[in-house]
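Novice: Could you work out the structure for the sequence below:
(one chain, ligands or ions: 1)
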Amino acid sequence: MQIFNTIKLNKNSTQHLYIQLYNQIKNLITNGDITHHTKLPPIRKLSNLLAVNNVTVVNAYKLLQQEGYVYKKVGSGTFVEDLNTKDLQSKLINEDIRSFSEEMNEAEITKDYLNTRSINFASTAPTPDLFPVDDFKIVLNEVLDRDKGNAFVYQESEGYYPLRESIKTYIQNYGINTDIENIQIVSGAQQGIDILSKSLVEYGDIVFTESPTYPGAISAFKSRAARIIDIPIEEDGIDIKTLQNKLRSFRPKFIYLMPNFQNPTGYSYSEEKKQRLLELAEEYNTFIIEDDYLSDLSFSENVNSTLKSIDSSNRVIYIKSFSKIFMPGLRLAFMIIPKSIYNEVLSAKHTSDISTSGLIQRAFDLYLNKGKWQKHIHHMEDIYKKRFDILVESINKYMPNEISWYIPNGGLNFWLSLPEGYSANELYKLSRKKQVVFVPGSVFFTDQRDSTHFRVSIASVYSKEIPEGIKKLSTLIEVFLKEYKNKQTAMDMYTPYL
Ligand SMILES: Cc1ncc(COP(=O)(O)O)c(C=O)c1O
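Specialist: Presented below is the predicted three-dimensional model:
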């Protein structure tokens, strides 16, 4: 019972009390402060201790049970689940429902920025005017003339061999040396994450992620009924102490990370943390999935090496997307897979879509070999750097002082924070009406909890729109901070995405 004295509920928070209680008990369980099969305090006892309504405790326990952290024994009470067991039937059902509703929330946001004339700080997809359509047309025609019908056969599931060869050479520029046999072409990084989940995660397995993290990965892991343990990310990378503690208690199938310009925070790992991560993966015999969706886009002198380039013991499964600096609709990415799991991954790829479009692979191979790719990246760097600088200048000029924010060393995302007690979901609801959209932080947390954070991206907004958009948003935030302050208690009525 003593450990429950550490629980602190904030009645002025925007978050429901039962959610706060759920989160704190969940943390006590995942931190190992309450061990499995320990009985939780009876409802009345805990509600007295915390000076809250019985219903708050009932709802928190219910949610913990739905999430698989506790189980009920009729007539005896509520007990902590053994998180390493796979007895997760109720969790599976619940997670299915949850991931569906999360997709709905993301879809709602996507609809907002696709269907309106909003100034779009939400999307991380490049604006279509940046696509190298003319050059790509040339390589497509050349492939059709050269390969004729062969461009339309089923390609090998591993990928078009000459493209894998070209990629092997191309990534040597990034300090990554691999064999062609380790390279797997996929139809986008999202498919890569999905087939890794299919091949590595079984019902109830544990996976670690950063918190916050990319929601597409959360959905893929949940679709396999994985139990996700999220670990806070700091400005120089994942919180290593917490990671180490969790590794002592759990055996994750892998740790999913974005070491450079993390989505959504823009944080990048220090070289020390990268090194330490690899040591821990080796020590605890697990894999790291490195989602390199953007490391090319560096705007500073700082080193932004990939984890894969320093991975001497084959612990890193590397995924590289071309969506953010090329054309997302091509659906093209590749992975570097350790030999020990290559066959399982290949089989999942085959089951998923047999092979990535042969025509697109052949055209991209030619595009790389003609030296068009490097030229294109430099062009994108110039455009994005301009948008990046204008955004920094606009935030400095217009954002109220109460807003804290982080300037990344590169990439597309900026992570901003409202003062404590304010809701980014609420701000989002208001700003979409004013036709300025961003992504509220809740989307990036595994439990979708409302937060003070929000992500602003420069990918889908034109340079000339940025000052106007940030000015509009800043004016709205000024009003929001004042009005919200007066309505703080009313915000308790707000239902977060859960
Ligand atoms: C971190 C991260 N990984 C993967 C993806 C998916 O990329 P792709 O378009 O290659 O499937 C995204 C897209 O937003 C992303 O942000």
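Novice: hey, which strand is longest across the chain?
Specialist: strand 227-234 (DSSP state E).
Novice: in its sheet, what does the helix or strand following it sit against?
Specialist: Next helix or strand after strand 227-234 toward the C-terminus (DSSP states H and E): strand 237-238. Counting by DSSP bridges, the strands paired with strand 237-238 are strand 227-234 (antiparallel).
Novice: residues making contact with the strand it pairs with?
Specialist: With Cβ atoms under 8 Å, 6 or more residues apart in numbering as the test, strand 227-234 has contacts from 30, 68, 83, 88, 91, 204-213, 218, 221-222, 238-239, 242-243, 246, 250, 252, 262, 265, 267, 445-446. C-beta coordinates here come from the backbone N, C-alpha and C atoms, glycine included.
Novice: Could you pick out which of the residues you listed are located in helices?
Specialist: Using DSSP state H, 30, 91, 218, 221, 222, 242, 243, 246 are the members of the contacts of strand 227-234 that sit in helices.
Novice: And those, which is the shakiest by pLDDT?
Specialist: Lowest in pLDDT among the ones in helices among the contacts of strand 227-234 is residue 91, which has 39.
Novice: nearest residue to residue 162 other than its sequence neighbours?
Specialist: residue 365 (5.4 Å; Cβ to Cβ, 6 or more residues apart in numbering).
Novice: Relative to residue 129, how far out is residue 390?
Specialist: 17 Å (Cβ to Cβ, to the nearest Å).
Novice: Specify which residues of the protein, grouped into ranges, have pLDDT under the cut-off.
Specialist: 14, 83-116, 485-498 (pLDDT under 70).
Novice: got the residues of it near the ligand?
Specialist: Selection of the chain residues close to the ligand by Cβ under 6 Å from any ligand atom yields 124, 188-190, 214, 216, 258, 263, 291, 293, 321, 323, 328, 333.
Novice: how about the strands in the stretch 201-350 of the chain?
Specialist: 206-211, 227-234, 237-238, 254-257, 287-292, 316-321, 333-336 (DSSP state E, counting those that start in this stretch).
Novice: what does stretch 138-152 contact?
Specialist: 358, 359, 362, 363, 364, 366, 367, 370, 372.
Novice: show me what contacts residue 280?
Specialist: Contacts of residue 280 by Cβ under 8 Å, 6+ apart are 240, 243, 244, 247.
Novice: between the residues you listed, which is nearest the ligand?
Specialist: Nearest to the ligand among these: residue 243, at 19.2 Å, using Cβ to the nearest ligand atom.
Novice: Let me see the contact set for that closest one.
Specialist: Per Cβ under 8 Å, 6+ apart, neighbours of residue 243: 208, 231, 255, 277, 280.
Novice: what's the answer for residue 333, then?
Specialist: Taking Cβ under 8 Å, 6+ apart as the test, what residue 333 contacts is 185, 186, 187, 188, 189, 191, 192, 319, 320, 321, 322, 323.
Novice: before we move on, back to that, CSV for the residues of the chain next to the ligand, including distance to residue 152?
Specialist: What follows is the residues of the chain next to the ligand, written out as CSV (distance: Cβ to Cβ, whole Å):
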residue, distance to residue 152
124, 31
188, 20
189, 25
190, 24
214, 33
216, 29
258, 35
263, 34
291, 31
293, 29
321, 25
323, 24
328, 23
333, 21
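Novice: Buried ones among the residues you listed?
Specialist: 124, 188-190, 214, 216, 258, 263, 291, 293, 321, 323, 328, 333 (16 or more other Cβ atoms under 10 Å).
Novice: out of those residues, who's nearest residue 170?
Specialist: residue 333 (13.2 Å; Cβ to Cβ).
Novice: Residue 420 against residue 452, yeah?
Specialist: Yes: the pair residue 420 and residue 452 qualifies as a contact (Cβ atoms under 8 Å) at a distance of 6.3 Å.
Novice: and these two? which has more neighbours close in?
Specialist: Neighbour count, other Cβ atoms under 10 Å: between residue 420 and residue 452, residue 452 has more, with 19 against 10.
Novice: Just say helix, strand or coil for the closest residue to residue 3 other than its chain neighbours.
Specialist: Once flanking residues are discounted, residue 3 sits nearest to residue 33: 5.6 Å by Cβ to Cβ, 6+ apart. What DSSP: H, G, I helix; E, B strand; the rest coil gives for residue 33 is coil.
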